[in-house]
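> A predicted structure for the sequence below; I have some questions about it.
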Amino acid sequence: MNRQQVAVITGGTKGIGRAVAYRLALDGCHVILNYHGDDGAAQSALRDFKELPVKAMAVKADVATSDGASHLIEAAASEFGTVDVLVNNVGTFLIRPLSDTTDDEWRNTLDSNLSSVFYCSRAALRVMRDRRAGSIINIGALNVEHSPIGVFEAPAYYIAKSGVIMLTRSLARSEAPWGIRVNAVNPGFIETENYDRYRTEDKATWTRMIPLGRLGAPDDVANAVSFLTSEKAQYVTGTVLHVHGGLWV
């Protein structure tokens, strides 16, 4: 590449998002870590990049809103001149039967997991189309394509993530003439702070179900994102890459 690419990662200061940001920085990208709320986590994440020959910045914005998403992309483009890669990673996980889900919980879950992808992608496309190049990676969820397990206990979440997959495929078709590729990664059971709520025996049960014999690590997802954003994947768009250790193949 003649210049370092610029990558924006929503929810980029924790868990999968933080691992993705670091992996893309190792690939040579300048990185913009989006977050909403925890300034301490943002400053901690930025320290990861001090020894790397790239620039890193954190942008506080609620990308579940149109204004927040626009602010994020505008801040990135203002600092670096463009946006080459967008990773839509931010999301919230709600375990609640539909009958017990409140109006606010429904809206918040859909806005965080699905509307954020729409708002950020729309804002980024305005920049990417000018260069007739770009890569968007959406982080989905395993169950939306492979099993009804879990859907009954978290319907709002899985409905939102199903929408993310449909949006990925729609954008892949509409943006291909502009040279923009759009793909998704569906993680399996990944050990992040979100999974700390499971008891030790629950983690052991999931591990026994996985053919590769272990839960995934954030780096496993980050490596998949790295591939999809790389020159090695220049003919890959509209695909969903499952990172689940062989679960439900």
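Sure, I can see it. These numbers come from a predicted model, not from an experiment.

> for the rest of this, base every contact and every neighbour count on C-alpha atoms.
Noted.

> can you list contacts of the longest helix along the chain?
The longest helix of the chain (DSSP state H) is helix 155-175. For helix 155-175, the external contacting residues (CA atoms under 8 Å, 6 or more residues apart in numbering) are 92-98, 106, 109-110, 113-114, 117-118, 138-141, 143-145, 151, 180-184, 237-240.

> now the helices: where do they sit in the protein?
Taking DSSP H as the test, the helices found in the chain are 15-26, 39-46, 66-80, 103-110, 116-131, 143-146, 155-175, 200-209, 218-229.

> so for M57, which of those sits nearest?
The closest of the helices of the chain to M57 is helix 39-46. By CA to CA, the value is 7.0 Å.

> which parts of that closest one are buried?
Residues of helix 39-46 classed as buried: 42, 45-46 (neighbour count, 16 or more other CA atoms under 10 Å).

> dump the helices of the chain to CSV, plus distance to L247 and mean pLDDT.
Shown next, in CSV, are the helices of the chain (distance: least, CA to CA, whole Å; pLDDT from 0 to 100):
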stretch, distance to L247, mean pLDDT
helix 15-26, 19, 97
helix 39-46, 31, 95
helix 66-80, 34, 98
helix 103-110, 25, 95
helix 116-131, 26, 97
helix 143-146, 9, 68
helix 155-175, 17, 95
helix 200-209, 7, 77
helix 218-229, 14, 98
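
> can you tell me which of the ones you listed is most buried?
Greatest average neighbour count among the helices of the chain goes to helix 15-26 (a mean of 24), per mean count of other CA atoms under 10 Å.

> just checking, what packs against that helix?
strand 6-9, strand 30-35, helix 218-229 (3 or more CA pairs under 8 Å, 6 or more residues apart in numbering; DSSP states H and E).

> residues touching the residue nearest in space to the middle of the chain, list them.
Closest residue to the average C-alpha location of the chain: N89 at 2.1 Å, with CA atoms, centre = their mean. By CA under 8 Å, 6+ apart, the contact list for N89 reads 9-12, 16-17, 138-139.

> which of these sit farthest apart?
Among the contacts of N89, G12 and N138 lie farthest apart (CA to CA), at 13.1 Å.

> between those two, who's got more neighbours?
G12 (30 against 25; other CA atoms under 10 Å).

> show me what contacts the more buried one?
Taking CA under 8 Å, 6+ apart as the criterion, G12 is in contact with 18, 20-21, 32-35, 89-90.
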